[in-house]
Every structure is written in structure tokens, then in C-alpha cells.
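Trainee: quick one, fold the following:
(chains A and B)
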Amino acid sequence: MTQEIIISGFGGQGVLSMGKILAYSALMEGKEVSWMPAYGPEQRGGTANVTVIVSDERISSPILSTYDTAILLNQPSLEKFEKRVKPGGALIYDGFGIIAPPSRTDIKSYCMEAMNAATEMKLVKCFNMFILGGYLKVHPIVKIESVMRALRKTLPERHYHLLPANEQAILRGMELVSL
Amino acid sequence: MEQEILLLKGNEAVAHAAIRCGCDAYFGYPITPQSEVLETFAELEPWKTTGMVVLQAESEVASVNMLYGAGGCGKKVMTSSASVGIALMQEGISYMAGAEVPALIINVQRGGPGLGTIQPSQSDYNQATRGGGNGDYEVIVLAPNSVQEMADFVELGFELAFKYRTPVIMLSDGVIGQMMEKVTLKEQRPRLTNEEIARKYPWASIGRTPDRKPNVITSLELQPEIMEKHNLHLQAKYREISQNEVRYEMSGSETPELAIVAFGSAARISQKVVDLAKAEGIEVALLRPITLWPFPTESIRELATKVKGILTVEINAGQMVFDVRYAVEGRIPVEHYGRLGGIVPSPDEILCALKKMLKP
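Mentor: Prediction:
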């Protein structure tokens, strides 16, 4: 199994940390992982993106031309990465941030109303965990328990009280995707 | 502590590995894309555990001269910076080479020239392997291609620096420094005591010692006869390093039609190219120099007898390609592919460049 994923959106949407939590979860299940962020001007106000690779085998290039899954959270990201999803691959996007939805028919597109759900549940700060839940519905490459362990590993202890909210967000996110 | 598996950035792994191998001091000045080195030290607070000194100097010039001073005392010392900061350190590196002071200098390369860009690049190959400072000297250059190697080469770098009494450069780049991967850290080792340093390193300047002449750490000698002798001694040392310390890795096809020579992050991307080429029926071998100086000249010369052509992939305008051409001696075509200014080439475009070599 190898999943080559691009996660892209505005700076502040939690794109990089979502990638990190996914990578950590996979690491805890003994998989090979790589997490390569765009650390340049994108991180400073524009679009932020991160390439995450999860595999059972040794990972070669952390930089990719095409992806199995693209998780795109704003319009500029969709314009940049829709064409780079492999045929038969998956595109997950948030309905709130995308005005012109994806047009390709040779990939599977999943629209999530994650921002709306997050606002309703007053969990806007967990927006990225809704999206992660959606991704794990489409590609259950790691167990939710591993994600929760990864959150414990990556969050400082003073934020542990937020763990239940994150779990709620992941579980609700899974419901937001219909396969 | 036992071996531990963590998910770390290359830059973070450097700090963890340095503390664990008993490093005595880090002097540095923040610069993207390597600021996490200093940040991680600040977070781990090794001065409370191993007694390691971590100091944010006022500049890169100050850092490298602190390195010179502390290294001259036989201490295991290191600094890190990115391209333009390393350019500032070249004078100090030349002094350390001349005075035979061991130290580890890490360059997490970004695009140039000048302030350039903060994005990844490999355009300091010449700076590292040709010596940016003055005089006839060489510096051992290690090129990691993973987060694990960024951790491992801290210890290897110190080992070589002390074995040969020379500065060692770890030439990383923005990709390897910023990416996160699984890394296994070794157990904590103690720092050397002053008594151990006095015993192991008789050259170290550790204060007046009654039964020997004072140890003077300097690169200056006004008598040309003595200076020539010192230079010949350095050259003999460089020959010894060239004979003993060449490191490289071969992968990909064992019956190749073409070969790629690439180091660091370009070698990681090229691994993918080897797989993509294989899927299209093109057999490609990958030779990855691990030491850029000493360079694996002999192995590339041998590789040239087995393939129709070599493509060097570098994130620069073509620097290592001259060393590869020197090794190949014109027997087969050697081409270069690279991107500039902080753009990292994708596997697809490298594959395109590779295929062009097969066209008559």
C-alpha cells in the first residue's frame, strides 16, 4: 500500500498540522511516512500545502508530480492540484472554500460541508480534523485510535482537554462523506 | 535512554542527534530553512542535562570564530546555517583547516546567489567542495538524503572531524531539512571530560601543562619553509582521506542502460525516476555520492563502462557534473538536469531529460 497525498489550503486552515497528525498516525502503525511542507512564501499568508506519503515500503521521492489523493480546501489549491490527481484517484474538497467545483470525470470527487458542520458544532478550530475524518472514510489507511494517539503525541499536555472535541470532529467528518 | 523512533524534521533531528552523541557546544544564528536547529536546542535545553552550551551568536562570523576557539580546546562543537550564512563563515573554515581544528558545519542550502531565496537548492556544491575560503585546503563534505542521515551524519561528521583534525561540512538542503520522516535516535552518550580530552587530544589547547610545550592553535606561519612543510602535511592528510573515506550508494537496475548521479534530495527524487523509467522499460542505475569530497571518482569511472550515458541531477545550474565528467573522461555523454532559484524538479521532468539521452 502506498498513498501519495497533497493537502492544500489557506495558511491557518490547519493543512500542515493535519498532514503531521496523519503521518504520525501511520508511523504508529509501523508504516513508512514522509511529510514535505511548502515552507516558503505560501506559509506566510497565501496557500499552504504539504505532501504526505504513507507506504508499507521505503519512500523514494518526497516531492511528487501526481497524487493518489488531493485534499483541497480553497479555490487556488483546486486550480493548481486538480489536474495532478492520478486517473482513478480521489479529490476531497470543502464546499465552503470552493466556488468552481472540480470538473474531471476520471477521478472520484467528494464534496464535504466541513466548514458548515464545524461552525454549527462550534468547533471551527477543529476544521482540519473534520477533513481528516472525511479522508479516512475514503481511504481508511489508519485506525482512529492511532489518530488519537498521534494527537496525544503532537499536542502539548495543556491542550489535552481538546482531545474529545478533535475526536468528535473526526467522527462527524466521516459522516460528511458519502461514498 | 534506549533507541527511540520519532517523526522529525531533518533540522530537528540534527539537534537531537548532537545532544545524544555528547556534543559540547552549538553556536549559530537563525536563518531559513534551518532555524529549527537552534529552536530545537532551545526546546530541549541540553544545558540542563548534558551541560552542552547552546549560544545564539550575533552573526555567522561570530559563530564560526566561536567554533574555532572552542574546537581548538578539543571540544566537540558545531554550527549550522544556510547558504548565504555559510558564505560568511568561509574565512573561519579556512582558518580551521589551516590550524587543523575539528568542527562540524551544517549547511541547509537555499537558493542563491546572494540572499537569493529561502527555497531548497543545491547550488553550494562548489562552495563546499572547492572551499570558499583561501588556501590549499579540502573539507570533508557529507550529503544526507534523509532525516535519518541528517541525524546519523552528526555523529559521523564528528568522528571524521576528530580522526583527521579537520572541519567537516554536512551539505543538506531545504527539502531534507524541512521534511519530516521516521528517525531512530541513538541512546544518550556522555560528553568527554576535560581529563579525557587532555588524554585523547594531545594537540588541544587546554591551558598550561608542565610536561609539554604550549599547544598553539594558529593558521599563521611566516617562515615559508615551515609553511610549505605544513602544507605538504595537509596535502598528505587529504590524500589519506581520499583513500579511506569515499562513501557512495548504488541502487536501481543492475543491468542499466543509463545512469543517474545525484546527491541529497535530488537523489531521493531520482529514486522515483528510476522506478518510473523501469515502468516504461528503461533500465536505470542510480549512483548517490554520500561524500562529495572525497568524490567517488573511481566508482563513476567504472559505472561509465557499463552504461550509454549519465545524467547528473542537481538542484543547481550544473556543478557536480564537472566532477562526473572528469571521472568519465569523455568516454560517454554526461548531461545535466537541474532547476534553479528554489524550484525543486519533479520526477516527471527528470524522466523527460533522461529519455532525451536515448534519442540519437
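
Trainee: and the residue lying closest to A:Ala38 once chain neighbours are set aside, what element?
Mentor: Spatial nearest neighbour of A:Ala38, chain neighbours left out: A:Asn49 (4.9 Å); criterion: C-beta to C-beta, 6 or more residues apart in numbering or on different chains. C-beta here means a position set from N, CA and C on the backbone, and glycine is covered the same way. Using DSSP states H and E, the element containing A:Asn49 is strand A:47-55.

Trainee: show residues contacting that strand.
Mentor: Contacts to strand A:47-55, defined as C-beta atoms under 8 Å, 6 or more residues apart in numbering or on different chains, come from residues A:1-11, A:13, A:15-16, A:19-20, A:22-23, A:26, A:31-38, A:42, A:59, A:62-64, A:67, A:74, A:76-77, A:80-81, A:141-142.

Trainee: of those residues, buried ones?
Mentor: A:3-10, A:13, A:15-16, A:19-20, A:22-23, A:26, A:31-38, A:42, A:59, A:62-64, A:67, A:74, A:77, A:80-81, A:141-142 (16 or more other C-beta atoms under 10 Å in any protein chain shown).

Trainee: mind checking which of the residues you listed are in strands?
Mentor: Filtering those for membership in strands, criterion DSSP state E, returns A:3-10, A:32-37, A:67.

Trainee: quick one: residues contacting A:Phe155.
Mentor: No, residue A:155 isn't Phe; it's Leu. Contacts of A:Leu155 (C-beta under 8 Å, 6+ apart): A:162-163.

Trainee: part of a strand, is B:Arg191?
Mentor: No - counting by DSSP: H, G, I helix; E, B strand; the rest coil, one finds B:Arg191 to be coil, located in no strand.

Trainee: any idea how many residues pack against it?
Mentor: 18 (other C-beta atoms under 10 Å in any protein chain shown).

Trainee: B:Val147 against B:Gln178, yeah?
Mentor: No - judged on C-beta atoms under 8 Å, B:Val147 makes no contact with B:Gln178 at a distance of 9.9 Å.

Trainee: more crowded one of these two?
Mentor: Neighbours per residue (other C-beta under 10 Å) separate B:Val147 from B:Gln178, with B:Val147 holding more: 29 against 26.

Trainee: wait, what's in contact with the more buried one?
Mentor: Contacts of B:Val147 (C-beta under 8 Å, 6+ apart): B:8-10, B:13, B:176, B:179-183.

Trainee: now distance to B:Lys359 too, for the residues you listed, in a markdown table please.
Mentor: Below are the contacts of B:Val147 laid out as a markdown table (distance: C-beta to C-beta, whole Å):
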| residue | distance to B:Lys359 |
| --- | --- |
| B:Leu8 | 43 |
| B:Lys9 | 40 |
| B:Gly10 | 37 |
| B:Ala13 | 42 |
| B:Ile176 | 33 |
| B:Met179 | 34 |
| B:Met180 | 39 |
| B:Glu181 | 36 |
| B:Lys182 | 40 |
| B:Val183 | 42 |
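
Trainee: among the residues you listed, which ones lie close to chain A?
Mentor: When the contacts of B:Val147 are checked against chain A using C-beta under 8 Å from any C-beta of the partner chain, the ones in range are B:179-182.

Trainee: in whichever strand or helix holds B:Tyr68, what counts as buried?
Mentor: B:Tyr68 is part of helix B:60-72, with elements assigned from DSSP H and E. By 16+ other C-beta under 10 Å, the buried positions in helix B:60-72 come out as B:60-68, B:70-72.

Trainee: if you count contacts, what does the helix or strand following it end up packed against?
Mentor: Counting by DSSP H and E, the next helix or strand C-terminal to helix B:60-72 is strand B:77-81. In terms of contacts (3 or more C-beta pairs under 8 Å, 6 or more residues apart in numbering or on different chains; DSSP states H and E), strand B:77-81 is packed against helix B:10-20, strand B:25-28, helix B:60-72, helix B:83-99, strand B:103-109, helix B:147-164.

Trainee: taking the ones you listed together, which one is wrapped up most tightly?
Mentor: Greatest average neighbour count among the helices and strands packed on strand B:77-81 goes to strand B:103-109 (a mean of 29), per mean count of other C-beta atoms under 10 Å in any protein chain shown.

Trainee: just the CA trace of that strand, in CSV.
Mentor: Output in CSV follows, covering the C-alpha atoms of strand B:103-109 (Å, rounded to 0.1, in the frame of the first residue of the first chain):
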residue,chain,number,x,y,z
ALA,B,103,34.3,21.0,13.9
LEU,B,104,31.0,20.2,12.2
ILE,B,105,29.4,22.8,10.0
ILE,B,106,25.9,22.1,8.6
ASN,B,107,24.6,23.9,5.5
VAL,B,108,20.9,23.5,4.8
GLN,B,109,21.0,25.0,1.4
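
Trainee: what lines up beside it in the sheet?
Mentor: Strand pairing for strand B:103-109, determined by DSSP bridges: strand B:77-81 (parallel), strand B:167-173 (parallel).

Trainee: got the CA coordinates for the first one in PDB?
Mentor: Extracted as PDB, the C-alpha positions of strand B:77-81 are listed here (Å, rounded to 0.1, in the frame of the first residue of the first chain):
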ATOM      1  CA  VAL B  77      31.500  21.800  18.500                       C
ATOM      2  CA  MET B  78      29.100  22.600  15.700                       C
ATOM      3  CA  THR B  79      27.200  25.300  13.900                       C
ATOM      4  CA  SER B  80      24.500  25.300  11.200                       C
ATOM      5  CA  SER B  81      23.400  27.900   8.700                       C
END
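
Trainee: rewinding a little: the ones in strands among the buried ones among the contacts of strand A:47-55: which two are farthest apart?
Mentor: By the measure C-beta to C-beta, A:Phe10 and A:Glu32 form the most distant pair in these, at 29.4 Å.
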